[in-house]
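1. turn this into a model:
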Amino acid sequence: MVVHCSAGVGRSGTFICADICIYMLDDILKVNVQGTVRGIRTQRAYAVQTAEQYIFCHSVILEYAQRQGWIPKDIDLTKLLAIDE
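-> The predicted structure follows:
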């Protein structure tokens, strides 16, 4: 898979982090977003640059877990992330 945004760090790193975390969740039912970002940054400095990008990673992981049935469907994920809509 090839992923690249204009600079190849912020948005690309965010997408890659979410993808890696989903694979981790499937494999070991544990996720470490911060550790994953640290690992990505060993190969691409500045990956995942903003708080919004971290929130996006967490929201993707939570939504995936909910779709897999690991989180009840009646839980509002925006409240878990403290996102105002």
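
2. how about the secondary structure of W70?
-> coil (DSSP: H, G, I helix; E, B strand; the rest coil).

3. ends of stretch 62-72, what's the gap?
-> Stretch 62-72 has an end-to-end distance of 11 Å (C-alpha to C-alpha, to the nearest Å).

4. other residues contacting that stretch?
-> I22, L25, L29, K73, I75, L77, L80, L81 (C-beta atoms under 8 Å, 6 or more residues apart in numbering). C-beta here means a position set from N, CA and C on the backbone, and glycine is covered the same way.

5. what's next to the helix or strand harbouring S12, contact-wise?
-> Assigning secondary structure by DSSP states H and E places S12 in helix 10-28. Helix 10-28 is contacted from outside by 1, 3-5, 30-33, 36-37, 39-41, 44, 46-50, 53, 56-57, 60-61, 64-65, using C-beta under 8 Å, 6+ apart.

6. the contacts of stretch 62-72: which two are farthest apart?
-> The largest separation in the contacts of stretch 62-72, counting by C-beta to C-beta, is between L29 and L81 at 19.9 Å.

7. which of the two has more neighbours?
-> Remark: of L29 and L81, L81 carries more neighbours, 12 against 9, as counted by other C-beta atoms under 10 Å.

8. which SS class is the residue sitting furthest away from the middle of the chain?
-> Going by C-alpha atoms, centre = their mean, the residue of the chain most distant from its centre is D74, 21.4 Å out. Classification of D74 using three-state DSSP returns coil.

9. mind listing what's buried in stretch 22-37?
-> I22, M24, L25, V31, V33, T36, V37 (16 or more other C-beta atoms under 10 Å).
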